[in-house]
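Asks: one predicted model, sequence on top.
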Amino acid sequence: MAGMLPLDTDRLAIRLLTLDDAPFTLRLLLDPDYIAFIADRGARTVEQAGQYLLSGPIESYRVNGHGLFGVESKETGDLIGMCGLLKRDFLDAPDLGYAFLPDYRGQGYAMEAARAVMTYGREKLSLSVVTAFTTPGNRASIRLLEKLGFTYSRVIQMPSDPADLHLFQWIRPA
């Protein structure tokens, strides 16, 4: 899998996350919008963010051959977000996930990264179905998914959380 990355776009380099990315990861995991719209991962230190990376993205690369990737600005070389495909036991297909630091929202970076990841999923992983879910009130995320060709499917709950989420699906055209 490592030979397939990094993915390049006009403004972004998308690469595997490493333990060296723990300080960035902590900033992202502590962002109030991340906590409100995604989850509180419980990380409050760089060491805890490193544990999140080891048990989350890095383990997913090993087990699934994909996961959340780091998204770097080509202009600065700084990590600005994460975007990738996750495998969850309660979903039948991989799901697209993304999160960006506040300073990088609303500038098209999430769309640019998500398009690259979806192309990777279609061309390198031969995916024919990709899911995504969001909280009902996350209008920006819903608009992004719709622009990518996802359509609303149904309301779901995560096994560990009774809150309603909206599940979207992308299906490869025949």
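Replies: Noted; the coordinates are in hand.

Asks: so for the top helix by length along the chain, mean pLDDT?
Replies: Longest among the helix segments of the chain by residue count, using DSSP state H, is helix 109-123. For helix 109-123, mean pLDDT is 96.

Asks: helices or strands up against the following helix or strand past that helix?
Replies: Per DSSP states H and E, helix 109-123 leads on to strand 129-134 as the next helix or strand towards the C-terminus. Applying 3 or more CB pairs under 8 Å, 6 or more residues apart in numbering; DSSP states H and E, we find strand 129-134 packed against strand 95-100, helix 139-147, strand 161-171. Where C-beta positions appear, they are placed from N, C-alpha and C, glycine not excepted.

Asks: most neighbours per residue, which of those?
Replies: Each of those was given a mean neighbour count from mean count of other CB atoms under 10 Å, and the largest, a mean of 21, is that of strand 95-100.

Asks: show me what it is packed against.
Replies: Using 3+ CB pairs under 8 Å, 6+ apart, strand 95-100 is in contact with strand 79-86, helix 109-123, strand 129-134.

Asks: mind putting the ones you listed in a markdown table, distance to Gly56 and mean neighbour count included?
Replies: Listed next are the helices and strands packed on strand 95-100 as a markdown table, based on distance: least, CB to CB, whole Å; neighbours: other CB atoms under 10 Å:
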| stretch | distance to Gly56 | mean neighbour count |
| --- | --- | --- |
| strand 79-86 | 9 | 24 |
| helix 109-123 | 16 | 19 |
| strand 129-134 | 17 | 22 |
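
Asks: with only the CA atoms kept, save stretch 146-162 in PDB.
Replies: Extracted C-alpha coordinates of stretch 146-162, given in PDB (Å, rounded to 0.1, in the frame of the first residue of the first chain):
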ATOM      1  CA  GLU A 146     -23.500  15.200  -2.100                       C
ATOM      2  CA  LYS A 147     -21.000  17.000  -4.400                       C
ATOM      3  CA  LEU A 148     -19.000  13.800  -4.400                       C
ATOM      4  CA  GLY A 149     -22.000  11.800  -5.600                       C
ATOM      5  CA  PHE A 150     -23.100  10.300  -2.300                       C
ATOM      6  CA  THR A 151     -26.800  10.000  -1.700                       C
ATOM      7  CA  TYR A 152     -28.700   9.800   1.600                       C
ATOM      8  CA  SER A 153     -29.400   6.200   2.600                       C
ATOM      9  CA  ARG A 154     -30.900   6.000   6.100                       C
ATOM     10  CA  VAL A 155     -30.500   6.900   9.800                       C
ATOM     11  CA  ILE A 156     -28.000   4.700  11.800                       C
ATOM     12  CA  GLN A 157     -26.500   4.600  15.200                       C
ATOM     13  CA  MET A 158     -22.900   3.600  16.100                       C
ATOM     14  CA  PRO A 159     -22.800   0.600  18.400                       C
ATOM     15  CA  SER A 160     -21.300   2.700  21.200                       C
ATOM     16  CA  ASP A 161     -23.500   5.800  20.800                       C
ATOM     17  CA  PRO A 162     -27.300   6.000  20.500                       C
END
